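Engineer: Need a 3D model of the following:
(2 chains)
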Amino acid sequence: MNDVAVRTENLGKLYRIGEHKGRYNTLRDTIENTLSAALRRLRYNPETSNLNPQPNHIWALKGVSLGIKRGEVVGIIGRNGAGKTTLLKILSRITEPTEGWAEIRGRVGSLLEVGTGFHPELTGRENTYLNGAILGMKKVEVDRKFDEIVAFSEIEKFIDTPVKRYSSGMYVRLAFAVAAHLQPEILLVDEVLAVGDAAFQKKCLGKMGDVAGEGRTILFVSHQMGAVGQLCQRTILLDDGTIKKDGHSKDVIASYLMESTPQSGTVEWKREAAPKCNEAMLLGVKTVNSAGRVTTHFSSTENISVEITYEVLKYDRLLTIWIRLSTPEGVDVFAGHNGDIWGNLDARPKGVYKTRCIIPGNLLNIGKYIINVAVGTTAGVGIPSGPVLFIEVSNTDKSSHYDYNYTFQYVRGVVSPKLDWEIQRADQDAPSNL
Amino acid sequence: MAGMSCSKEASVLLIKPSRGWVLPQLRDVWAYRELLYFLVWRDLKVRYKQTVLGVLWAIIQPFFLMVVFTIFFGKLGKIPSEGIPYPVFAYVALIPWSYFAQSLNACSESLVGNSHLITKVYFPRLIIPISSVLSGLVNFGISFGILLAMMFYYRITPSLEALFLPILVLMVLATALGSGLWLSALNVQYRDIRYAISFLMQFWFFATPVVYPSSLVPGIWRFLYSMNPMVGVVEGFRGALLGKGHVMGDTFLVSVTVAACLLITGTLYFRQVEKRFADVV
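Structural biologist: Numbering: from 1, shown residues only, chains lettered A, B, ... in the order given. You can find the predicted model right below:
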């Protein structure tokens, strides 16, 4: 009995640039390419021909060998374009590898998107069956689980309404409910938790955790380090199509976040490469200490000022600048946006703005934190949250409460706020004043 | 959660780059027959949603074409109809033709139209063109009912050769699917196909004896003419239902052979380029 569920050996995938992103060929292109290839062959020169063998090709995945045991829950992380999705697509047979091979033992279910194949004209009930069939469920299986799926989605009342009348939240709930009831032996999941509200995300994570508990193998691609850390014991870091790290989730996530975040206290983007959406574009982020200096090192008692410079490209009534603080282990500390305080959500016509967020002193524990920035709009998420800077809080101030709070070394909470304490006698016959 | 996972003791799947010609995975298609059923069902459900006339459209289209043909070709053009009332003569040919034309159109657009499935889920890709061809059969059935009513009205009784009808239906299906497989696969890579198709269909329409009897085609051209499988089909329909000529006429075998060739080569070509669909579409 072999206890390996997924094994790959030297797996690679070569893409022609421009081929996999929406662009399609016309017959004319093909004719032109064929002609120019023929011309190149005429001028064939063996000395130069090997220098740059395939200028229009990139390896999205290269030399990936890994083994995943039955029942293991493995996270896959990495920057955009690192090959995470390509790996899942090969394992779920959507696309063929260019070289190498993979071996899969057991029934595979892949979830690269929730609601694949949902048709807006069909009702929730009809889409449940259609989506189930697309995900590989048998009709009798959907029949049996139908009530459970509807209950999980919390949209009982609308199950016979066409999904085009659903809110986006309802749509995602139903879609995920179907997916969550898919019970293959090996589950491949790509970034599907990025949608839906927080409470439902939590429920889905719970459901997936159950699935993991039942001894199923899961490969889980996500940008949400918290989710990966919570769900997976093991994490694989992909970079440029190759495995860069493979080990305990905690270690891999920490090193990924540390490496992918600038350590100078400031980041600026070139306009072509800046994170942007239709409404806004991020230009730069700085962390500034109480003396007005840009730095990554802060004393535990001082305020940390996060300055975000951005350009408003299109007026949006609900444009919000978010920051989210997380630990290198992927635990979220808090998140907030500039509309938290009512009245801050001023109308911002086109132009460049600077928004400052002050994280008060005496709040964070000693240690390292990642600052993530996001932009919200009327439509929802404009620029998704991503790590931009990293800060380190240390105890350099002698007046800090950390001096007295010796327990922090043993109880490492993510925050260590300066709390107010009061002591009173509470037995009845005691004098009222101490 | 019991009874769920169909764990036939560790079914092992090997994924590796395919080389050379690959055979169609018909067993795989069979394993996914429920998905095929649901895709056909989806097409049917969606087809007439938010239309006022709904399924009546299945009747209206060929029927009005018949009226137009009767006026222009039958009355004004005086095209012979071998002693059969022109409306029946044209309609009996329009039924397989409409089915063929609609299926071929739907089939050639099917892969591009379902690209959101192809890039997100695995299933044998053959299912998509097959489902688009099958879902046209319902319209075919409805308009066939109208034909029976017309034959009753004109007091025409079908000959014994009507027993060949299922074979003829299979032949249209094979022709539509065979050429549809070619075009759908080409359409993924070359969107030129989309523009070529409307042109191709007009040409094909006149190369098929829908508005005229095939007896108008001079003998020396007969062989070339019958390379169009739709010639065999339309002549077959007339032979089986109107008793004019025979299903197994001189051209029938040629038509069957070409239809079979189209289906086989279409399937092979489709399989050959299938592995790149998800990367290109």
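Engineer: What is the neighbour count of the residue nearest to A:Glu99 when sequence neighbours are not counted?
Structural biologist: Spatial nearest neighbour of A:Glu99, chain neighbours left out: A:Gly12 (4.3 Å); criterion: CB to CB, 6 or more residues apart in numbering or on different chains. C-beta: built from backbone N, CA, C; applies to glycine. By other CB atoms under 10 Å in any protein chain shown, the residues close to A:Gly12 number 21.
Engineer: ok, A:Gly12 to A:Glu96 distance?
Structural biologist: 11 Å (CB to CB, to the nearest Å).
Engineer: cool, and A:Val140?
Structural biologist: 32 Å.
Engineer: again, but for B:Ile15
Structural biologist: Where A:Glu96 is concerned, B:Ile15 sits at a distance of 8 Å (CB to CB).
Engineer: hey, what's in contact with both of the two?
Structural biologist: A:Ile90 (CB atoms under 8 Å, 6 or more residues apart in numbering or on different chains).
Engineer: Quick one: residues in contact with stretch A:8-17.
Structural biologist: Residues contacting stretch A:8-17 (CB under 8 Å, 6+ apart): A:54, A:56-67, A:83, A:86-87, A:90-91, A:95, A:97-103, A:241, B:279.
Engineer: how far is that stretch from where the chain is centred?
Structural biologist: 23 Å (CA atoms, centre = their mean, to the nearest Å).
Engineer: Alpha carbons of it, as PDB, please.
Structural biologist: Taking C-alpha atoms only, stretch A:8-17 is exported to PDB below (Å, rounded to 0.1, in the frame of the first residue of the first chain):
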ATOM      1  CA  THR A   8       5.600  14.900  -9.400                       C
ATOM      2  CA  GLU A   9       8.900  14.400 -11.100                       C
ATOM      3  CA  ASN A  10      10.700  17.300 -12.900                       C
ATOM      4  CA  LEU A  11       7.400  18.800 -13.900                       C
ATOM      5  CA  GLY A  12       7.700  21.700 -16.300                       C
ATOM      6  CA  LYS A  13       5.400  23.900 -18.400                       C
ATOM      7  CA  LEU A  14       6.500  26.100 -21.200                       C
ATOM      8  CA  TYR A  15       4.200  28.900 -22.300                       C
ATOM      9  CA  ARG A  16       4.500  31.000 -25.400                       C
ATOM     10  CA  ILE A  17       4.400  34.600 -24.200                       C
END
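Engineer: Show me which residues of that stretch are buried.
Structural biologist: A:8, A:11-15 (16 or more other CB atoms under 10 Å in any protein chain shown).
Engineer: Surely A:Tyr61 is in a strand?
Structural biologist: No, residue A:61 isn't Tyr; it's Leu. Yes - with DSSP: H, G, I helix; E, B strand; the rest coil as the criterion, A:Leu61 is located in a strand.
Engineer: what stretches of the stretch 101-250 of chain A score poorly on pLDDT?
Structural biologist: Within the stretch 101-250 of chain A, the stretches with pLDDT under 70 are A:192-202, A:205, A:208-209, A:211-213.
Engineer: Contact residues of the stretch 151-281 of chain B facing chain A?
Structural biologist: Contacts of the stretch 151-281 of chain B with chain A, taken as CB under 8 Å from any CB of the partner chain, map to B:188-192, B:275-276, B:278-281.
Engineer: Can you convert those into a markdown table and add a column each for secondary structure?
Structural biologist: Shown next, in a markdown table, are those (three-state DSSP):
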| residue | secondary structure |
| --- | --- |
| B:Val188 | helix |
| B:Gln189 | helix |
| B:Tyr190 | strand |
| B:Arg191 | coil |
| B:Asp192 | helix |
| B:Lys275 | coil |
| B:Arg276 | coil |
| B:Ala278 | helix |
| B:Asp279 | helix |
| B:Val280 | helix |
| B:Val281 | coil |
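Engineer: of those residues, buried ones?
Structural biologist: B:188-190, B:276, B:278-281.
Engineer: ok, and the closest non-adjacent residue to the residue most central in space within chain A?
Structural biologist: Residue closest to the average C-alpha location in chain A (CA atoms, centre = their mean): A:His223, at 1.9 Å. Distances taken as CB to CB, 6+ apart place A:Glu191 nearest to A:His223, at 6.6 Å, with adjacent residues excluded.
Engineer: ok, now which ones touch the one you found?
Structural biologist: A:85, A:221-223.
Engineer: Check A:Ala60 too.
Structural biologist: A:13-15, A:81, A:83, A:86, A:241.
Engineer: and these, which two are the farthest apart?
Structural biologist: A:Leu14 and A:Gly81 (14.5 Å; CB to CB).
Engineer: The buried residues of stretch A:8-17 in strands, which ones?
Structural biologist: Among the buried residues of stretch A:8-17, DSSP state E puts A:8, A:11-15 in strands.
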